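Undergrad: the following comprises the amino acid sequence and a computationally predicted model.
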Amino acid sequence: MPQTAGICGVILAAGESTRMGRDKALLPWPPVAEGAPAVNTFLGAMIDLLQQHADLVIVVVGRNAAELEPIADAHGAFIVVNPAPERGQFSSIQVGLRDVLNRGRDAAFLNPVDRPPVLPATVSDLRATFLAADTDVWAVVPEVLREGIAVHGHPILVGREMMEQFLRAPANSVARDIEHQHQRHVRYLPMQDARIAANIDTPEDYKRLMSAQAVPADTTF
């Protein structure tokens, strides 16, 4: 990918968070005790992180637009609405990537909102690897060892070629399947940041995350 590539951040936040019982985009980050004031949220912190490494950040919302738009505005991000979020997360990916191309950018970080922001060095390494890669590399995907097994995570960084593959696929596709179909064009980047594979779906997941954050801030989750 040419080093002149313009990069966007795309945060997927159109889900209804039914298992969590409240919008995961609004979860406090860093985690706080029940009833304590939040310093930031998953969404706000993720916008702040991606803005350090991207030209701009796009937040894909659904029926929660009214709740998330003030946060996006406060953190300098752009909102785009998925008109039918019930089609699933892949439809939000397509909505976000169309907006990336409409804004004249050639690459995008893709990150679901239901996970804690990764460490800044992780995003920096993904970006540097992508920009240094040759044209045969369409995407860079982070991976971390978990019990000796390499687990892929987020954010992933996709170039125009991979974006076009996503946009040509049916709206009910799975991003992982598209990635695997074009695996020879994917660079998997080993990381030490366990947050890339953290997925916060339930209140119990969030409580475990709160406990993990008792360790120093530069320690991976």
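TA: That came through, no problem.

Undergrad: buried residues in stretch 57-66?
TA: For stretch 57-66, the neighbour count (16 or more other C-beta atoms under 10 Å) marks 57, 58, 59, 60, 61, 62, 64, 65 as buried. C-beta here means a position set from N, CA and C on the backbone, and glycine is covered the same way.

Undergrad: per-residue pLDDT, the closest residue to residue 25 other than its chain neighbours?
TA: Using C-beta to C-beta, 6 or more residues apart in numbering and skipping residues adjacent in sequence, the residue nearest residue 25 is residue 43, 4.0 Å away. With respect to pLDDT, residue 43 has a value of 96.

Undergrad: can you tell me how far residue 43 is from residue 13?
TA: Distance of residue 43 to residue 13, computed by C-beta to C-beta, to the nearest Å: 6 Å.

Undergrad: same thing with residue 172?
TA: Applying C-beta to C-beta to residue 172 and residue 13 gives a distance of 20 Å.

Undergrad: of the two, which one has the most company?
TA: Applying other C-beta atoms under 10 Å to residue 172 and residue 13 shows that residue 13 carries more neighbours, namely 32 against 9.

Undergrad: which residues does the more buried one contact?
TA: With contacts defined as C-beta atoms under 8 Å, 6 or more residues apart in numbering, residue 13 is in contact with 25, 43, 59, 60, 61, 62, 64, 68, 112, 113.

Undergrad: roughly how far does the second one sit from residue 92?
TA: Remark: distance between residue 43 and residue 92 (C-beta to C-beta) = 14 Å.

Undergrad: on that earlier part again, of the contacts of residue 13, closest to residue 182?
TA: residue 112 (20.4 Å; C-beta to C-beta).

Undergrad: burial measure for the nearest residue in space to that closest one that is not next to it in sequence, as a count.
TA: Distances taken as C-beta to C-beta, 6+ apart place residue 12 nearest to residue 112, at 4.7 Å, with adjacent residues excluded. The burial count assigned to residue 12 is 27, neighbours taken as other C-beta under 10 Å.

Undergrad: what about residue 12, distance to residue 114?
TA: In terms of C-beta to C-beta, residue 12 sits 9 Å off from residue 114.

Undergrad: could you list everything the residue nearest to the spatial centre of the chain pairs with in the sheet?
TA: With distances taken as C-alpha atoms, centre = their mean, residue 111 lies nearest the centre of the chain, 0.8 Å away. Counting by DSSP bridges, residue 111 forms beta bridges with residue 11.

Undergrad: just checking, it touches residue 25?
TA: No: Residue 111 is beyond contact range of residue 25, at 11.6 Å (criterion: C-beta atoms under 8 Å).

Undergrad: how about the nearest residue to residue 146, chain neighbours excluded?
TA: Of all residues not flanking residue 146 in the chain, residue 197 sits nearest, at 6.4 Å (C-beta to C-beta, 6+ apart).

Undergrad: which ones are touching the one you found?
TA: 144, 146, 151, 152, 153.

Undergrad: mind putting those into TSV with distance to residue 81 and neighbour count?
TA: Shown next, in TSV, are the contacts of residue 197 (distance: C-beta to C-beta, whole Å; neighbours: other C-beta atoms under 10 Å):
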residue	distance to residue 81	neighbour count
144	33	21
146	35	11
151	32	13
152	28	16
153	27	22
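
Undergrad: thank you, goodbye.
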